[in-house]
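*Asks:* With the input below, show me the fold.
(one chain, ligands or ions: 1)
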Amino acid sequence: MTFGARLYAAIADRGSFCVGIDPHSALLLDWGLTDDVAGLETFALTVVEAVAPYVSVVKPQSAFYERFGSRGIAVLERVIAESRAAGALVLLDVKRGDIGSTSQAYADAYLDPASPLASDAITVSPFLGFGSLDPIIDTARRHDAGVFVLALTSNKEGPEVQHARVDEGTVAGRMLDHLRHLNAGAEPLGSFGAVVGATIGATEEDLAFNGPVLAPGYGAQGGTTADLRRIFGGNPAVLASSSREVLRLGPDVEAMRDAVRRTNDELRS
Ligand SMILES: O=c1ccn([C@@H]2O[C@H](COP(=O)(O)O)[C@@H](O)[C@H]2O)c(=O)[nH]1
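*Replies:* Next up is the predicted model:
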């Protein structure tokens, strides 16, 4: 089953709320944990236990694990494995992108099921040229994985690059055109998604395409359900993604679960 088909079914079953598992140093301390590998492990696995049986997608942010070196990566491996065992799809937020030959190594690291970091999907940066992502796209196709390409990110600095003009449109518009092409004909949903922040203002790009959208910036960065409606209309394949807004409710597992239930209800309504 392709990633697009798995995601479509997961959203129908569990809703479109995606929880980011981002062990910020400040959150570890707020939870009464130490800012070290032991604290990281307790934090991350508690979040997995709280949300992974209930959400369609979890999104660990690799940077927060990488800062502890190989022992942090070992925790990330467990987060990926245990989240998948609990029925959640794992979208690993790594924002990789490089020359083609190096992109192949990234693809092997994150999308080949033989890798200990194998995930259902990853985020990638297209700013070395969309074609530099070809090895990642091809590997994803081979292994039924997904790829989410940065298009209109949630941070205020993004427009400098993403709204730059190319031909008749913008850089972001060009990325969305590539995604439209990659997902053409896919049923019920393509596997190649766009990252479009829940915080973006009015924009000229055509956001309609036959693939999923990751919408970070929902919650702590100010994005709301009303913003999602304004930006995406009723598109059901938009993953509203929030990390700190949920994580700060911990270590109370029930409070995090309630937030998932409430948010999914709000997104459905
Ligand atoms: O455009 C983007 C792309 C990715 N992110 C990532 O999402 C989370 C947001 O965390 P919050 O605590 O909900 O603000 C984080 O991992 C970012 O690296 C993004 O914010 N914007």
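
*Asks:* what does the stretch 101-250 of the chain put close to the ligand?
*Replies:* Contacts of the stretch 101-250 of the chain with the ligand, taken as Cβ under 6 Å from any ligand atom, map to 153-155, 195, 197, 216-217, 219-221, 241-244. Just so you know, the C-beta spots here come from the backbone N, C-alpha and C atoms, and that holds for glycine as well.

*Asks:* Just the buried ones among these, please.
*Replies:* 153-154, 195, 197, 216-217, 219-221, 241-243 (16 or more other Cβ atoms under 10 Å).

*Asks:* where along the stretch 151-269 of the chain do the strands fall?
*Replies:* Ranges of strands within the stretch 151-269 of the chain are 165-166, 169-170, 192-196, 213-216, 238-242, based on DSSP state E, counting those that start in this stretch.

*Asks:* ok, Ala237 touching Ile11?
*Replies:* Yes - applying Cβ atoms under 8 Å as the test, Ala237 and Ile11 come out as touching, 6.7 Å apart.

*Asks:* Looking only at neighbour counts, state which of the two leads.
*Replies:* Ile11 (23 against 19; other Cβ atoms under 10 Å).

*Asks:* To which secondary structure element is that one assigned?
*Replies:* Following DSSP states H and E, one finds Ile11 within helix 3-14.

*Asks:* how far does whatever helix or strand comes next after that helix sit from the chain's center?
*Replies:* On the C-terminal side of helix 3-14, the closest following helix or strand by DSSP H and E is strand 17-21. Distance of strand 17-21 from the chain centroid (Cα atoms, centre = their mean, to the nearest Å) equals 8 Å.

*Asks:* between strand 17-21 and helix 3-14, what angle do the directions make?
*Replies:* Here the directions of strand 17-21 and helix 3-14 differ by 100 degrees (axes from the mean of the first three to the mean of the last three Cα atoms, to 10 degrees).

*Asks:* by contact count, what packs against strand 17-21?
*Replies:* helix 37-51, strand 57-60, strand 238-242, helix 244-247, helix 253-268 (3 or more Cβ pairs under 8 Å, 6 or more residues apart in numbering; DSSP states H and E).

*Asks:* So which bits of the first one are buried?
*Replies:* Spelled out, that is helix 37-51. Buried residues in helix 37-51 (16+ other Cβ under 10 Å): 37, 39-48, 50-51.
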